[in-house]
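1. structure for the following, please:
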Amino acid sequence: AASDDQNSAKPHPPTMFVVSMVLLLLTQSYLLISPFVYSGAMVIWLRPSLDRSSAGYYAGLVASSFMFGRTLTSYHWGKWSDVYGRRAVLLHTLGISIVFQLLFGISTSMTSVLFWRISLGLFNCIPGLLKTVISESCDDSTWVSDTTGLVFGMWGVGFLISPLVSGALADPVGQYGEDLIGGAMGEVLKAHPFILPNLFGSLCTGVGWFFVKFYFHETLPEPIEFPWIRFYKRFRARAGGSVEGRYKRVNSEVAFGDLEMSEAGTSGQETGENEERELMKIKSAKLSDPPLPPATISSLLMHPPTRAALVVYWIFSFCITVTDEIIPLFALCDNRGGLSLEVHKIGLTLSSSGIIYILIQYRMYKFFSRKLDMKGCLVLAISFFVPATILIPAVLFVQGANGEAKGGESIDGEEGEDKTRSLTWPAFMYLAVLIGVTRAFASVFFSSITLLSNATVHKSHRGTMNGLSMLGGSVAKMLGPITAGTVFATCVSGWVDERVGSFLAFGLVSMCGT
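-> Modelled structure (predicted):
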């Protein structure tokens, strides 16, 4: 990698390029997190024989199916991005995800729910590609570090938006009554109670596609076009059509992925001469700097620093995914081991933790990244995550025995009879602050491990490495919801006191972080 550092410095990317990455991470956060809030209610709607306490098994299956699909293709998307370019891969996958997200929302059987959720995961590659793109965009290490913290800090903003939106939009007829939502719209929403949160997800994905199309610059030197695009252009050329705005290959001397366009109407002689000059540039560059062999899974895992960074990332991904899934199940559970909250109140609580996160995350990461090295940031983040996770079910004691309010009005300002479905203000603030601070430290971890992982491989191998990172992370996140549902449902099933069972469940989760 020493020869890489000798390249001429790249300028800071345009602001809209950074904005496009921020929007992509927000979209990714929503696609992944939004079903966590209503997956329990969804499986109860699909299978009415289930109750709130037993829904965890099936809710975990729905949540993990996305990661099962991503596991199958993450490595391949990363490898293809090293050939066809980061931008082209994003455009293809985002376009397909718009459709699959909507189809998931209108599913009416457990089979179709799982099929479309898996399909959505098959075409998901946003996090891995963004990790690669940030490191390639600029040679200023401070800018790369700060931008990594900013972009991947959008996970927390997603935790603010996703639970709030999906909780408010899920099953609107059941939540707000037929008197408020009636007529033809009410019938559609009654037949497809979870269409609205997924329609919102499709719109977010569409916005992301738009920004990638018009503001996202290619950072891979010399990408080639997908075979079907080349076939289409050859077909049009043979049919007598012209291909306007044909992109030339990006040579390594062009700063920050600027693309030259051949204007329509260029003579065949000029076009041939231009292509010949481009070919000579590429050949001369290859002669002076022979390319490395393509990265493979075995070559990456045989490199100790890369292997260590990947394994640490995979383990912590499992921990944070189990935590993300077990918190809504804990809030939904209607025995003494849970809070027995309604879906929209779960969303409100999780969204409030997102506000805490937004207020502290970026400043926290900048502070620690300047005071500590990346390994120090990792140790600090994990050291806080473990005890904080164990303390989450202590909200039961803040709330009061048996989930009843203990001296204080509920968060919705009512003193109604159904106390078990409301949080007192102290309990609400306890959960919001604890979860928000925990997620901020998790963001410190993920930003730091991203920089460490990218530093262990050559630039031309980062797409493949991050694809492998996403493959292992997808396996961890696929197993996470299933593990969370199984562990929590087992712990609160009555073989021990339900409140003790909740502490046991969160304690088992936190052990993974050690």
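2. three-state assignment of residue 13?
-> coil (DSSP: H, G, I helix; E, B strand; the rest coil).
3. what distance do you get for it to residue 346?
-> Distance of residue 13 to residue 346, given as Cβ to Cβ, to the nearest Å: 38 Å. All C-beta spots, glycine's among them, are computed from the backbone N, C-alpha and C.
4. these two: who's more crowded?
-> residue 346 (25 against 22; other Cβ atoms under 10 Å).
5. beyond the strand or helix carrying that one, next helix or strand please.
-> Using DSSP states H and E, residue 346 sits within helix 343-371. Heading C-terminal from helix 343-371, the first helix or strand you meet, by DSSP H and E, is helix 374-391.
6. residue 96 belongs to a helix?
-> Yes - counting by three-state DSSP, residue 96 falls inside a helix.
7. how about it, what does it touch?
-> Under the criterion of Cβ atoms under 8 Å, 6 or more residues apart in numbering, the neighbours of residue 96 are residue 123.
8. cool, and the one 10 residues further on?
-> Taking Cβ under 8 Å, 6+ apart as the contact definition, residue 106 lies against 192, 195, 198.
9. how near is the first one to residue 117?
-> If I follow you right, that is residue 192. Distance from residue 192 to residue 117, by Cβ to Cβ: 15 Å.
10. more neighbours: those two, which one.
-> Using other Cβ under 10 Å as the criterion, residue 192 and residue 117 rank with residue 117 on top: 25 against 16.
11. name the helices or strands packed onto the helix or strand encompassing the more buried one?
-> Per DSSP H and E: residue 117 is located in helix 110-122. Helices and strands touching helix 110-122, by 3 or more Cβ pairs under 8 Å, 6 or more residues apart in numbering; DSSP states H and E, are helix 15-46, helix 56-84, helix 86-105.
12. okay if I get those helices as TSV plus distance to residue 470 and mean pLDDT?
-> Converted to TSV, those look like this (distance: least, Cβ to Cβ, whole Å; pLDDT from 0 to 100):
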stretch	distance to residue 470	mean pLDDT
helix 15-46	11	88
helix 56-84	4	85
helix 86-105	12	94
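13. closest one to residue 292 among those helices?
-> helix 56-84 (10.8 Å; Cβ to Cβ).
14. can you pull the contacts of residue 319?
-> By Cβ under 8 Å, 6+ apart, the neighbours of residue 319 are 385, 389, 509, 510, 512, 513.
15. please apply the same query to residue 192.
-> With contacts defined as Cβ under 8 Å, 6+ apart, the neighbours of residue 192 are 105, 106, 108.
16. reformat those as TSV; add distance to residue 93.
-> Output for the contacts of residue 192, formatted as TSV (distance: Cβ to Cβ, whole Å):
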residue	distance to residue 93
105	19
106	21
108	26
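17. closest one of those to residue 122?
-> residue 105 (17.2 Å).
18. how many neighbours does that closest one have?
-> By the measure other Cβ under 10 Å, the count of residues near residue 105 is 23.
19. swap in residue 294?
-> Count around residue 294 with other Cβ under 10 Å applied: 12.
20. make 31 the starting number, not 1.
-> Okay, using 31 as the starting number, the last item reads as residue 324.
21. are we agreed that it is in a strand?
-> No - Residue 324 is assigned coil when assessed by three-state DSSP, not a strand.
22. ok, now which ones touch it?
-> 109, 112, 491, 494.
23. most widely separated two among the residues you listed?
-> Maximum distance among the contacts of residue 324 (Cβ to Cβ): 9.8 Å, for 109 and 491.
24. more neighbours: which of these two?
-> Neighbours were counted for residue 109 and for residue 491 using other Cβ under 10 Å; residue 491 has more, 26 against 20.
25. in contact with the closest residue to that one other than its chain neighbours, which residues?
-> Nearest in space to residue 491, with sequence neighbours left out and distances taken as Cβ to Cβ, 6 or more residues apart in numbering, is residue 325 at 3.8 Å. By Cβ under 8 Å, 6+ apart, the contact list for residue 325 reads 109, 112, 487, 490, 491, 494, 495.
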